[in-house]
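> I'll drop the sequence and a predicted model, then ask my questions.
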Amino acid sequence: MISINNLTVAFGGFTLLDDISFHVSDGEHIALVGKNGAGKSTILKLIAGVERPTYGSIMKPREQTVGYLPQIMSYSKDTTVIEAAMSVFADHFTMGERVEEISRELGERTDYESPAYHRLIEELNELNDKLAMAQSESPAVLAEKTLVGLGFKKSELGRQRSTFSQGWNMRVELAKVLLTKPDVLLLDEPTNHLDIESIQWLEDYLFGYRGSVVLISHDRRFLDRVTTRTVEIVLGHIYDYKVPYSKYVELRRERMEQQRAAYENQQRMIEKTEEFIERFRYKPTKSNQVQSRIKQLDKLERIEIDVEDNSALHVKFPPAPRSGQIVFQAKALTGGYPPRDGSGSPKVVFSDIDLTVERGEKVAFVGRNGEGKSTMMKYITGELRPIAGSASLGYNVALGYYAQNQEDVLDRNDTVYDTLDKVAVGDIRTKLRDILGAFLFRGEDIDKKVAVLSGGERSRLAMAKLILHPYNLLALDEPTNHMDIRSKDVLKQALQRYDGTLVIVSHDRDFLDGLVDKVYEFRDGHVKEYLGGVQDFIEKRRIETLQDLERAAQPEPKPQKQEKAPLEEASPKPRTASSLSFQEQKEQRRKQKRIESCEKKIADLEAQMKELEKVLAAPSADTDIDKLTREYLELKRTLDRTMEEWIELSN
């Protein structure tokens, strides 16, 4: 258990956290919520030991292990993806080498009764127990499964980290944290840069995680699935709710309403009492009653309303100048990146794409990371030139672009004010302070360097730049990364009112819902158009996925029957049990039990999927198709993982 006692964090004359206390119990999954800059990341850094409080203490057991994923990190680019993930097993490999060393020594020694021999036996048993408890599978298998779950392809695991973007390298760091299986996981916005499938994988992983989890996220669905307790940080104080996020929102609203009602009732009572005292203060016949009322007020415990941080973004995009009917068009576009050294073939991301965005449309680009969404954005901005085909903006298009990685776009040495002052022209320069105030940069905040801003503050600053000019095409690449939930809601409302054309890349289902009217899915080097909102896309995509699964499943017999016969033929002369060492026999029995367990699990999963298929084939009026489809796909993913494990054990 972690105990946070009377914690205060102050910078100069500003108090960020003021005398807060709470506990993290074993196995608890906690969400830290609050506005950007409220101190959420600071709390994680304090628990991880990266920073120290001004006052107060954090108590945790000495033997407790902590895994921490910061929001912005540094990492080595000199290793491959799989090497970086495997580096967390250094102690595991060291123990394995020591086991081999002791085994060799025991085979050579003959002093079976000596104390030294017994000490070696004890050390060997202790190491074997630690290895058995640490991992149920080999480190290589665990590392590969985790990386693939987070979106990497098996063919990419041997690539150098320097060839991947910051977002993909963040996934490597997340994989390293998860592979250590610490007692306490501290995750600062782990879903940033993850696509929808990877977010679902991480949800499943954390949902079943037995250790404690303290995380920061601005994804409502993710918080509801993963956490069971919500700690809100407001103006340096905390409010603790033993419920998931959606329930916390309801309870918080009810608590504030009850508090306001009780406060108003008490104020009316106080006002009437004071009026009585003032009216009869000098009447001898009422002196006893007056004194009684005075004492009553002195003893009264005054109700106070919790201070709320009601500051909010005020985003209003300028009216969009009229553009031509065609805003952006790609014809037979083959897109990608030129070779790094200037020679050889370019890296093709997608090919033969036809895509049209018309005036007034609000379009979403969705799909797994690496499929070409941000690449297409670079064709819209003109940053890339087509390998083949054409890509061009339409007549009189004024483009406003929000880049995914603000760390690379914003100058770290500029102040907040200078960032806008550099690009502002004309009369708008006289309104820069008002614009910054609307984006919650007030007072001394405008003199802060970009380098010290949080991820959310950088997102707000980049969005403020888009207000300076009247654009008629906004191209936004992951604009909600690092934004708190309230800011996301305000931005969504502003984009709904925006009268220009919108192209947006996002994996935030709640943010896209009700905002876009067309979806382009990037998959396997191609682009497919879906008319309607993101929920329509999800429904159509799931139906297609189910149909693909059914077609793929029909020609294949049951996997157990398919694989067993060849295995039996492939090993006609197995080693007998008597020819195996004790350790080999023990490993063989463990392996056989695991195979049987996998076979039973496969049969159970297939039976559950068949039942769901029956319901989905003939749904009733009250059938929740969305929920059942989600369950079916989760079962399919689990079946695939179990099948991979079964095949690996059987080989």
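Cool, got the structure.

> now residue 465: how far from residue 473?
Using Cβ to Cβ, to the nearest Å, we find residue 465 at a distance of 15 Å from residue 473. C-betas here are computed from N, CA, C, even on glycine.

> give me the next element, helix or strand, following the least confident helix or strand in the chain by mean pLDDT.
Between all helices and strands in the chain, the lowest mean by mean pLDDT, DSSP states H and E belongs to helix 559-570, at a mean of 40. Proceeding N to C from helix 559-570, the next assigned helix or strand is helix 582-617, under DSSP states H and E.

> that following helix: how far from the chain's middle?
Taking the mean of its C-alpha atoms, helix 582-617 sits 31 Å from the chain's own mean (Cα atoms, centre = their mean, to the nearest Å).

> now the element after that helix, going C-ward?
On the C-terminal side of helix 582-617, the closest following helix or strand by DSSP H and E is helix 625-650.

> now that next one: mean pLDDT?
Across helix 625-650, the average pLDDT comes to 76.

> buried stuff in that helix?
628-629, 632-633, 635-636, 638-639, 642-643, 645-646, 650 (16 or more other Cβ atoms under 10 Å).

> again, but for stretch 221-231
The neighbour-count check on stretch 221-231 (16+ other Cβ under 10 Å) flags 221-227, 229-231 as buried.

> and what of stretch 441-452?
Within stretch 441-452, the residues scored as buried using 16+ other Cβ under 10 Å are 441, 445-446, 450.

> quick one: that stretch to chain centroid distance?
With Cα atoms, centre = their mean as the basis, stretch 441-452 stands 27 Å off its chain's centre.

> I'd like the average pLDDT over that stretch.
Rounded mean pLDDT across stretch 441-452 is 82.

> ok, now stretch 374-383?
Averaged across stretch 374-383, pLDDT comes to 90.

> likewise stretch 457-477?
86.

> gap between the two ends of it?
16 Å (Cα to Cα, to the nearest Å).

> can you list the buried residues in it?
Neighbour-count burial for stretch 457-477, counted by 16+ other Cβ under 10 Å, picks out 457-469, 471-477.

> where does the chain have low pLDDT?
Within the chain, the stretches with pLDDT under 70 are 91-93, 129-137, 304-313, 340-344, 406-408, 541-586, 617-618, 621, 626, 651.

> domains of it?
79-180, 251-299, 326-540, 556-568+578-650 (automatic domain parsing).

> ok now the third one, how far from the chain's centre?
Between the mean C-alpha location of domain 326-540 and the chain-wide mean there is a distance of 20 Å, by Cα atoms, centre = their mean.

> start and end of that domain, how far apart?
27 Å.

> and stretch 28-47, by the same measure?
15 Å.

> so what's the gap between that stretch and the chain middle?
Mean-position distance between stretch 28-47 and its chain equals 14 Å (Cα atoms, centre = their mean).

> picking that back up, of all the domains of the chain, which one is nearest residue 20?
With Cβ to Cβ as the measure, domain 251-299 is the member of the domains of the chain nearest residue 20 (17.2 Å).

> roughly how far does the residue lying closest to residue 357 once chain neighbours are set aside sit from residue 174?
Across the structure, with Cβ to Cβ, 6 or more residues apart in numbering as the measure, the residue nearest residue 357 apart from its sequence neighbours is residue 328 (4.4 Å). Per Cβ to Cβ, residue 328 is found 34 Å from residue 174.

> quick one, what contacts residue 221?
509-510 (Cβ atoms under 8 Å, 6 or more residues apart in numbering).

> that one should be in a strand, yeah?
No. With DSSP: H, G, I helix; E, B strand; the rest coil as the criterion, residue 221 is located in helix rather than a strand.

> and the gap between it and residue 245?
Counting by Cβ to Cβ, the gap from residue 221 to residue 245 is 9 Å.

> just to revisit the earlier point, tell me the one among the buried residues of helix 625-650 nearest to residue 497.
So of those, ranked by how close each gets to residue 497 (Cβ to Cβ), first place is residue 629, at 32.9 Å.

> correct me, but the closest one touches residue 616?
Yes. Residue 629 lies in contact with residue 616 (Cβ atoms under 8 Å); the separation is 7.0 Å.

> now do the contacts for the residue nearest the centre of the chain.
The residue lying closest to the centre of the chain (Cα atoms, centre = their mean) is residue 191, at 1.5 Å. Taking Cβ under 8 Å, 6+ apart, we find residue 191 in contact with 199, 202, 217, 219, 222, 507.

> the first one: neighbour count?
Residues near residue 199, counting by other Cβ atoms under 10 Å, number 22.

> for the residue lying closest to it once chain neighbours are set aside, grab phi and psi.
In this structure, residue 199 finds its nearest non-sequential neighbour in residue 191, 5.2 Å apart by Cβ to Cβ, 6+ apart. In terms of degrees, to the nearest 10, the main-chain angles of residue 191 are phi -90, psi -10.

> and residue 491, how far from residue 479?
7 Å.

> who has more neighbours, these two?
Set side by side, residue 491 and residue 479 show more neighbours around residue 479, with 25 against 21, by other Cβ under 10 Å.

> how about the nearest residue to that one once chain neighbours are set aside, what does it touch?
Among residues not flanking residue 479 along the chain, residue 402 sits closest, at 5.1 Å (Cβ to Cβ, 6+ apart). Each residue near residue 402 by Cβ under 8 Å, 6+ apart is listed here: 462-463, 466, 474-477, 479.

> what is the strand or helix carrying residue 201 packed up against?
According to DSSP H and E, residue 201 maps onto helix 196-207. Packing contacts for helix 196-207, counted by 3 or more Cβ pairs under 8 Å, 6 or more residues apart in numbering; DSSP states H and E, involve helix 139-149, helix 166-179, helix 220-226, helix 625-650.

> no more questions from me, cheers.
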